[in-house]
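Trainee: Here is my input, please return the structure:
(chains A, B, C and D)
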Number of protein chains: 2
Amino acid sequence: MSEIFLKDALVTLKESGVRITPQRHAILEFLISSEIHPTADEIYKALEADFPNMSVATVYNNLRVFRNAGLVKELTYGDASSRFDFVTHDHYHIICDVCGKIVDFHHPGLEEVEHLASHVTGFKVNSHRLEVYGTCPECAANVKKAK
Amino acid sequence: MSEIFLKDALVTLKESGVRITPQRHAILEFLISSEIHPTADEIYKALEADFPNMSVATVYNNLRVFRNAGLVKELTYGDASSRFDFVTHDHYHIICDVCGKIVDFHHPGLEEVEHLASHVTGFKVNSHRLEVYGTCPECAANVKKAK
DNA sequence: TACTTCTTTATAATCATTATAATTAGTTTA
DNA sequence: TAAACTAATTATAATGATTATAAAGAAGTA
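Mentor: As a prediction, the model looks like this:
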């Protein structure tokens, strides 16, 4: 499954004239296999063993390349580090307020909201961002124990 | 209208034991009257004339105080500066990809999405964040002209 | 193989935000 | 009202994520 994603991604990149370097291959592979929506630094640390000389700038540069190619989405959170998500099919995120864990869930797109927003404001709508916040089952259990 | 918001906000603060200083009064007043969802630095600059000795830290400190009191919402955008929004009734934001302008629009809350997310993931849901992105009428007009 | 261009690396710079310590000002209570 | 207590402000330094820069290295091409 993830091998297919990786192959498709490499094809997409090549077609848009982006060279496939070992670093790019490794970053993509890690992003696809990872379930943790990693930060740039987490990617950097994860690949340290295989690429002891890789620079953090390389990670950032390539995440931007992937984002521009539409392969990767950047999830931003103010001053804290951005997290990066390999784009598969459309999904949303639910984020634990306690431990910060990000879990995917599926929901039909909110075209209706986009239409209303467009109608009311006169904007030409491109996209939207939706995140749900709450407490994950594990953290909820811990809170109960602590009582 | 905005005077009522301000008075209510001051009462809320006092009730939770927060001292009302001239700086806090001015920051709140500016936030309420402003339509631009300002950054901390924009607030700082806007009040420079009245408070030449005010520190940026004061702006940040108080925005946090207001956020903790539920009076203000912080809108975060990765490495770029956060923007701050005085909380009135529930509304969402639509943001222009070209010029960055943020416009409010109203839409019934998305309880149904929250329920689905909660059901699928087992999270206890607290809140959600929704933003729509697009091109504002002014920028759309400019693009046409440029052609 | 030689050339051109893109990529990586190492490092320094930037910028938003937070921490610290000293000073100042609200608030409380006698 | 004045003293005392505590919180808030200021000025400044520190932090941490991200980006810019310049030199060195590697990929693609003639």
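
Trainee: Close to DNA strand D: what parts of chain A are there?
Mentor: Proximity of chain A to DNA strand D (CB under 7 Å from any atom of the strand) is limited to residues A:19-22, A:39-41, A:56-57, A:60, A:64, A:79-82. All C-beta atoms are positioned from the backbone trio N, CA, C, and that covers glycine.

Trainee: filter those residues by proximity to chain B?
Mentor: Among the residues of chain A next to DNA strand D, the residues that sit close to chain B (CB under 8 Å from any CB of the partner chain) are A:D79, A:S82.

Trainee: So which of the residues of chain A next to DNA strand D sit within helices?
Mentor: A:P22, A:A40, A:D41, A:V56, A:A57, A:Y60, A:R64 (DSSP state H).

Trainee: thinking again about what came up before, I'd like to know which of the residues of chain A next to DNA strand D are buried.
Mentor: By the neighbour-count criterion of 16 or more other CB atoms under 10 Å in any protein chain shown, those include these buried positions: A:T39, A:A40, A:S82.

Trainee: Can you tell me which of the residues you listed is nearest chain B?
Mentor: Taking CB to the nearest CB as the measure, chain B lies nearest A:S82 of these, at 5.1 Å.

Trainee: residue closest to the middle of chain A?
Mentor: In chain A, the C-alpha closest to the average C-alpha coordinate belongs to A:D85, at a distance of 1.4 Å (CA atoms, centre = their mean).

Trainee: can I assume that one sits in a strand?
Mentor: Yes - secondary structure of A:D85 (DSSP: H, G, I helix; E, B strand; the rest coil): part of a strand.

Trainee: How about it: what's its closest non-neighbour residue?
Mentor: Sequence neighbours aside, A:K73 is the residue nearest to A:D85 in space, at 4.7 Å (criterion: CB to CB, 6 or more residues apart in numbering or on different chains).

Trainee: Just the buried positions in stretch A:4-17, please.
Mentor: The neighbour-count criterion (16+ other CB under 10 Å) identifies A:F5, A:L6, A:A9, A:L10, A:L13 as the buried residues of stretch A:4-17.

Trainee: circling back: closest to DNA strand C out of the buried ones among the residues of chain A next to DNA strand D?
Mentor: Here the nearest of those to DNA strand C, counting by CB to the nearest atom of the strand, is A:A40; it sits at 12.2 Å.

Trainee: So that closest one sits against A:S82, correct?
Mentor: Yes - here A:A40 reaches A:S82: they are 7.1 Å apart, a contact under CB atoms under 8 Å.

Trainee: Give the partner strands of the longest strand seen in chain A in its sheet and their orientations.
Mentor: Scanning chain A for the strand with the most residues, using DSSP state E, yields strand A:124-135. According to DSSP bridges, strand A:124-135 has the following sheet partners: strand A:92-96 (parallel), strand B:124-135 (antiparallel).

Trainee: Contacts for the longest one, please.
Mentor: Contacts with strand B:124-135, where a contact means CB atoms under 8 Å, 6 or more residues apart in numbering or on different chains, come from A:94, A:97, A:110, A:113-114, A:117-118, A:123-135, A:140, B:92-98, B:105, B:110, B:113-115, B:117-118, B:143.

Trainee: The strands paired with strand A:124-135 into a markdown table, with extra columns for mean pLDDT and mean neighbour count?
Mentor: Conversion of these to a markdown table gives the following (pLDDT from 0 to 100; neighbours: other CB atoms under 10 Å in any protein chain shown):
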| stretch | mean pLDDT | mean neighbour count |
| --- | --- | --- |
| strand A:92-96 | 92 | 22 |
| strand B:124-135 | 92 | 18 |
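
Trainee: Which one of these lies nearest to A:A49?
Mentor: With distances scored as CB to CB, the stretch of the strands paired with strand A:124-135 nearest to A:A49 is strand A:92-96 (28.7 Å).

Trainee: about what we covered before: any chance of TSV for the strands paired with strand A:124-135, columns distance to DNA strand C?
Mentor: Output for the strands paired with strand A:124-135, formatted as TSV (distance: least, CB to the nearest atom of the strand, whole Å):
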stretch	distance to DNA strand C
strand A:92-96	18
strand B:124-135	16
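
Trainee: So chain A: which segments form each domain?
Mentor: A:1-88, A:89-147 (automatic domain parsing).

Trainee: could those domains be laid out in JSON lines, adding distance to B:A46?
Mentor: As requested, the domains of chain A are exported to JSON lines (distance: least, CB to CB, whole Å):
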{"stretch": "domain A:1-88", "distance to B:A46": "21"}
{"stretch": "domain A:89-147", "distance to B:A46": "25"}
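
Trainee: looking at those domains, which one has the lowest mean pLDDT?
Mentor: The stretch with the lowest mean pLDDT among those is domain A:89-147, which comes in at a mean of 87.
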